[in-house]
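In: Structure of the sequence below:
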Amino acid sequence: MTTDIVIGFFLILFIWEGWSNGLLRTLIGPVCVILCCLFASLYFDVTDNIVIAFFIAVAGSVILGIIVSVLFMWWRKSVDKKYRNAVFPGSRTAGAAISLTWLGGLTIAAFLLFAFLPTSLNAMQKIQQDIDQSRICQWSSDNIFTRMPLSRRIFSVLSIFKDKERLTELTNSIEFKTFLADPKVEAIAQDPRIVQLCENKRIVTLLFHPKITGLLRDSRVMQKLTRVIKMVYAEEPTKTKEEPSEEESAISQDKTLQKSAPEDPDLPAGQ
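Out: Modelled structure (predicted):
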């Protein structure tokens, strides 16, 4: 399968990169991303500004990674040339393992997300079919991503675009109709400028539109949207225990009465 070959090539490349860079240089990327995502999450909790929080998570990770890399290179120059490029085998092994886990996981996740994108292009659909048949993607999905609550919810939300029955059920739900009936949502849907940005797929410009940022800051509207999203990734309700039939109820009641009735001392035991 083409997808497995492509992913396999990338995984080998990531192992070689981690082996070459060693542990410290390999950790720069993951640590910067984790720190920026944590800071972005805290910022969003305080300000409810998802646009700036997203910018902190993405752009902040890149900028912080560049700064730390420059500082690391500057520190290496202060080391004697004889030992400047020396990397211990343990560091190389750890770097290869982290690079494989981190970059490999992001790559496979990107392929899986691509498979959920709604498209009408034949070329894109063929690629998505090949991804669905990929053994690497299937194993990663079954054994890694489906066991992580956040990734499981993300894939569950995206899977609705391929399930027409679930999509119809969602669009006909009271929660979805309540969200669309909100005055702010209606104003955005009827704004010609926003409609044009959507048609041209100018996502970045769309996110910074005043009406969009105002909508994202409105906690009341976000609560409505949260209810809709929860409908998508909510687990199926547990089945209630079936009510016993009249015959089963009568038998159960008779057994209860027999256990609670006092024994007749004139009768032999067991009668």
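
In: which ones are touching Gly104?
Out: By C-beta atoms under 8 Å, 6 or more residues apart in numbering, the contact list for Gly104 reads Phe10, Leu11, Phe14. For every residue, glycine as well, the C-beta is placed using N, CA and C.

In: could you dump the residues you listed to TSV with pLDDT?
Out: Converted to TSV, the contacts of Gly104 look like this (pLDDT from 0 to 100):
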residue	pLDDT
Phe10	93
Leu11	93
Phe14	93
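
In: Reformat these as JSON lines; add distance to Thr178 and neighbour count.
Out: Shown next, in JSON lines, are the contacts of Gly104 (distance: C-beta to C-beta, whole Å; neighbours: other C-beta atoms under 10 Å):
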{"residue": "Phe10", "distance to Thr178": "44", "neighbour count": "17"}
{"residue": "Leu11", "distance to Thr178": "46", "neighbour count": "17"}
{"residue": "Phe14", "distance to Thr178": "46", "neighbour count": "22"}
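
In: from these, which is closest to Phe179?
Out: Phe10 (39.1 Å; C-beta to C-beta).

In: excluding its backbone neighbours, what's nearest the closest one?
Out: Thr107 (5.2 Å; C-beta to C-beta, 6 or more residues apart in numbering).

In: ok, now how distant is that neighbour from Leu100?
Out: Thr107 is 10 Å from Leu100, where distance means C-beta to C-beta, to the nearest Å.

In: who's more crowded, the two?
Out: Neighbours per residue, other C-beta atoms under 10 Å: of Thr107 and Leu100, the larger number sits with Leu100, 21 against 18.

In: Test my guess that that one contacts Trp16.
Out: No: in this structure Leu100 lies outside contact range of Trp16 using C-beta atoms under 8 Å: 10.0 Å.

In: Check the contact lists of Thr107 and Leu100 and give me the overlap.
Out: Listed as contacting both Thr107 and Leu100 by C-beta under 8 Å, 6+ apart are Leu11, Phe14.

In: Contacts made by stretch 52-71 with the rest, please.
Out: Contact with stretch 52-71 is made by 25, 28-29, 32-33, 35-37, 39-41, 43-44, 47, 207, as judged by C-beta under 8 Å, 6+ apart.

In: make it 10 Å
Out: Identification of contacts with stretch 52-71 by C-beta atoms under 10 Å, 6 or more residues apart in numbering yields 25, 27-47, 49, 204, 207-208, 213, 216.

In: Identify each buried residue in it, please.
Out: Across stretch 52-71, burial judged by 16 or more other C-beta atoms under 10 Å covers Ala53, Phe55, Ile56, Ala57, Gly60, Ser61, Leu64, Gly65, Val68.

In: Also stretch 87-103?
Out: Ser91, Arg92, Ala94, Gly95, Ala96, Ile98, Ser99, Leu100, Trp102, Leu103.

In: The third one is in contact with Trp102, isn't it?
Out: No: Ala94 is beyond contact range of Trp102, at 12.0 Å (criterion: C-beta atoms under 10 Å).

In: what sits in contact with each of those two?
Out: When contacts are counted by C-beta under 10 Å, 6+ apart, Ala94 and Trp102 are jointly contacted by Gly18, Thr26, Leu27.

In: who's in contact with the residue nearest to Phe10?
Out: Residues counted as contacts of Thr107 (C-beta under 10 Å, 6+ apart) are Val6, Ile7, Phe10, Leu11, Leu13, Phe14, Ile136, Ser140.

In: same question for whichever strand or helix holds it, mean pLDDT?
Out: Using DSSP states H and E, Thr107 sits in helix 89-115. Regarding helix 89-115, the rounded mean pLDDT is 89.

In: Please apply the same query to stretch 146-155.
Out: Stretch 146-155 comes out at a mean pLDDT of 67.

In: in the stretch 151-271 of the chain, which spans are helices?
Out: 164-171, 174-180, 183-189, 192-199, 203-207, 210-217, 219-233, 246-260 (DSSP state H, counting those that start in this stretch).
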